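> All I have is the shape, not the residue letters:
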C-alpha cells in the first residue's frame, strides 16, 4: 500500500487497475479530494476502473462513492422518489428488467444482482431474509438463442444485451456505475461468444464476464460520413422503453431488437408524458478528455432525428434500428471488447456515459459439481443533467 492513489493502465487500449492509498484501502468513499480527483479522472480517461479487494465494502459507502462522481445528482424531493432508475419503472411486471435483482433495504440505491439462493446470513445479502437471484440469460431475450447442446457441450454463450445503464424515460443517464463482486464463480471455466453472423468472429472469456466497449473508439471507427451523421443526430427513446420492448426479442449480438411489430403499443403502456420522453444526442462528449463517444442504447431506441441542410430527417423504428446497428457493430468485434473476468472483491467503476456494456454467460447456481452462485452489488444514480455534444 502507498500514501497516494496509483493508476495502472491496461495494455488493451482502455481500462485500468487502481491501488488505493493506505488510509482508504478498505473504503474508497473515504478518499481525500486530491485522490478522489485522480480516481475521477482515471475513470473518465480509462473508462473502466478495477479496484481489487473490496468485498467488505458497505452498501452505504458504495452509494456515497457513486454519488460523489456527479455533483449534479439531485436530492430526493418526495417520499418514494428514488431518482436512480430502479423504482417502479424497472420492477414493473411487464418490464424486461423485472428479474434483474432486488434492492438493498437499508440503501435502496444499491441493487443486489447474481445467481442462486442466498440465506439471510450469507455475505452480501444485506436484507435479513433469504433472496433468490437470477442471472440474465440470452435464451429468454434473443429471437434465435443458442441450443442447449451449444451452451452445455460447446460452451457457447452470447452478449445478453449491449446497453447503457439508464431508465431512458424522465431520468437522465447516470454518469458512472459501480459494480462490486462479493461472491463470484471461480474464473476457471471459459465460454465462447460465436457472433454467428458470417464474420467468423469468436471471443473467449471466463464464465459470467462483463464486457465493455469504448464509445470513443466506436466513434473514431466511423467513416467521415457516419461521424457527420452521428454528430447531427438525436436518439429518441420509447416511453417506458423496457416495457415497450418487453414482448419483442433481440438479435444475436444483443445490439438491437428484431423488428417484428411485437412491441407494446403506445396506448397500452403505463401512462406517459411527451415531455418525459428522452431525446439524447447520439454522441456524448467526455468532460475530461474532450473525446466524442458514440452512445446509443440500441435496444430501447424508437426514432433517429438527423439535422440536414434541408431540414430534419426522421428514421422510424425499423430503419432507426438498422442504421444504429450498422454503426455499432464494428465496436463489438472481439478485438475491441474488454471482457472483465471477475475475482472476489473486485469493485468495477465504469464511465456509464462513455462505454456500453453487456452481461455474458450462463450461470446455474450449481452445475456439474461446480459452484456457479454469484452475488454482486450495483449502484448507479440518475444524473441531474443530460449528456451533451460539444462541437469544435
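It's in. Fair warning: this is a prediction, and the values are worked out from it, not measured in the lab.
> which stretches of the stretch 251-392 of the chain aren't confidently modelled?
Low-confidence segments of the stretch 251-392 of the chain, defined by pLDDT under 70: 365-370.
> Would you map the helices across it?
According to DSSP state H, counting those that start in this stretch, the stretch 251-392 of the chain carries its helices in the segments 317-328.
> And the strands in it?
In the stretch 251-392 of the chain, the strands defined using DSSP state E, counting those that start in this stretch lie at 279-281, 283-285, 292-294, 301-308, 311-315, 338-340, 347-351, 355-359, 365-367, 370-372, 374-380.
> For the second one, name the packing helices and strands.
The elements that strand 283-285 packs onto, with contact taken as 3 or more C-beta pairs under 8 Å, 6 or more residues apart in numbering; DSSP states H and E, are strand 292-294. Placement of C-beta: from N, CA and C, glycine included.
> The strand it packs on - contacts with which helices or strands?
Here strand 292-294 touches helix 215-220, helix 224-231, strand 283-285, going by 3+ C-beta pairs under 8 Å, 6+ apart.
> Tell me which strands it pairs with, and in which orientation.
With DSSP bridges as the test, strand 292-294 is paired with strand 283-285 (antiparallel).
> got the buried residues for the partner strand?
283, 284, 285 (16 or more other C-beta atoms under 10 Å).
> ok, what's across the strand from the second one?
Put plainly, it is residue 284. Beta-bridge pairing for residue 284 (DSSP bridges): residue 293.
> Any idea how far apart the tips of stretch 129-137 sit?
With C-alpha to C-alpha, to the nearest Å as the measure, stretch 129-137 spans 25 Å from end to end.
> Let me fix that, I meant to ask about stretch 202-212.
End-to-end distance of stretch 202-212 (C-alpha to C-alpha): 16 Å.
> Please renumber the chain so that the first residue is 26 from this point on.
Happy to do that; since the first residue is 26 now, the last one works out to stretch 227-237.
> Would you mark the buried spots in it?
Going by neighbour count (16+ other C-beta under 10 Å), the buried part of stretch 227-237 is 228, 230, 231, 232, 233, 234, 235, 236, 237.
> Now render those residues as CSV, adding distance to residue 400, secondary structure and pLDDT.
Below are the buried residues of stretch 227-237 laid out as CSV (distance: C-beta to C-beta, whole Å; DSSP: H, G, I helix; E, B strand; the rest coil; pLDDT from 0 to 100):
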residue, distance to residue 400, secondary structure, pLDDT
228, 25, strand, 97
230, 20, strand, 96
231, 17, strand, 94
232, 15, coil, 90
233, 12, coil, 92
234, 16, coil, 96
235, 14, strand, 97
236, 20, strand, 98
237, 21, strand, 98
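> The longest helix along the chain: how far from the chain's middle?
Identified as the longest helix of the chain according to DSSP state H is helix 58-71. For helix 58-71, the gap between its own C-alpha mean and the chain's C-alpha mean amounts to 20 Å (C-alpha atoms, centre = their mean, to the nearest Å).
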